[in-house]
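> Fold the following.
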Amino acid sequence: MSFFISDAYAQAAPAGGETGMLTFLPIIILFVIFYFLLMRPQMKRAKEHKSMLASLAKGDEVVTSGGLLGRITEMGEDFVSIEIAPGVITKLQKHAVAAVMPKGTLKDV
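Just a heads-up that it's a prediction; the model follows:
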């Protein structure tokens, strides 16, 4: 009866150096793609916004993140007062300013 059954032997284990690196290669590639498509552009936008906030001055026409268009009347360390209509002044946080508009935008609107 033992003529038809062959003995089973364990195979040698593959070398650990190559398979370890190949296992992490897809994760590394995904991280590089994630960095160049998401993280890097976001950091660039944040840097541009920070420099725009640093260059704000009294008299600039700005748009807030809420969509209000107005002229800066008073500057503080963290807060800005903007005039959104004649005689209507509102105070908001500096980081809520989304963009600086070209001079004369308020007259066109």
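> where exactly do the helices run in the protein?
Taking DSSP state H as the test, the helices found in the chain are 16-34, 40-54, 105-108.
> can those go into a markdown table with extra columns for mean neighbour count?
From N, CA and C alone the C-beta is placed, and that goes for glycine too. Supplementary listing: these in a markdown table, determined by neighbours: other CB atoms under 10 Å:
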| stretch | mean neighbour count |
| --- | --- |
| helix 16-34 | 10 |
| helix 40-54 | 11 |
| helix 105-108 | 10 |
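> wait, which of the ones you listed is closest to Leu92?
Minimum separation from Leu92 across the helices of the chain (CB to CB) falls at helix 40-54, 12.3 Å.
> isn't Thr105 right up against Val62?
No. Thr105 is not in contact with Val62 according to CB atoms under 8 Å; the separation is 9.4 Å.
> what touches both of the two?
Common neighbours of Thr105 and Val62, using CB atoms under 8 Å, 6 or more residues apart in numbering, are Leu69.
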